[in-house]
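*Asks:* no FASTA, just this:
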């Protein structure tokens, strides 16, 4: 069960990192997607910036899951020793 929890936590980190990379690409293209000299490109940055923050929080939460599972496993091993 702990192995499954670790796997889910690691998968969450990987998914979050992929989402952050995608949002970063959108941000990098943000000023290019709209017509030159218009505010459309800048206006398109709000959504990817929000996505970036959400994926960051997702990675942090998944890292906490991995940390907790690791600590639990360590405690179980100490009990068995």
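*Replies:* Okay, I see it. Worth saying up front: this structure is predicted, and the values here are computed from it rather than measured. Numbers count the residues shown, from 1 in each chain.

*Asks:* list the helices and strands the longest helix that the chain contains packs on?
*Replies:* Ordering each helix of the chain by length in residues (DSSP state H) puts helix 46-80 first. Using 3 or more C-beta pairs under 8 Å, 6 or more residues apart in numbering; DSSP states H and E, the elements in contact with helix 46-80 are helix 2-33. C-beta here means a position set from N, CA and C on the backbone, and glycine is covered the same way.

*Asks:* and residue 7, what does it touch?
*Replies:* Residue 7 sits next to no residue when contact means C-beta atoms under 8 Å, 6 or more residues apart in numbering.

*Asks:* State the distance from it to residue 78.
*Replies:* Separation of residue 7 from residue 78 (C-beta to C-beta, to the nearest Å) stands at 23 Å.

*Asks:* cool, and residue 29?
*Replies:* Separation of residue 29 from residue 78 (C-beta to C-beta): 50 Å.

*Asks:* who's more crowded, those two?
*Replies:* residue 29 (14 against 8; other C-beta atoms under 10 Å).

*Asks:* low pLDDT regions in the chain?
*Replies:* 31-43 (pLDDT under 70).

*Asks:* Grab the most central residue of it for me.
*Replies:* In the chain, the centroid-proximal residue (C-alpha atoms, centre = their mean) is residue 16; its distance is 2.5 Å.

*Asks:* That one: what's it in contact with?
*Replies:* 55-56, 58-59, 62.

*Asks:* how many other residues sit next to residue 79?
*Replies:* There are 7 residues near residue 79, going by other C-beta under 10 Å.

*Asks:* now swap in residue 9 and tell me
*Replies:* With other C-beta under 10 Å as criterion, residue 9 counts 20.

*Asks:* What residues does it make contact with?
*Replies:* Neighbours of residue 9 in contact, by C-beta under 8 Å, 6+ apart: 62-63, 65-66, 69.

*Asks:* And for residue 23?
*Replies:* Contacts of residue 23 (C-beta under 8 Å, 6+ apart): 48-49, 51-52, 55.

*Asks:* tell me the contacts of residue 26?
*Replies:* 44, 47-48, 51.

*Asks:* ok, it to residue 5 distance?
*Replies:* Using C-beta to C-beta, residue 26 is found at 32 Å from residue 5.
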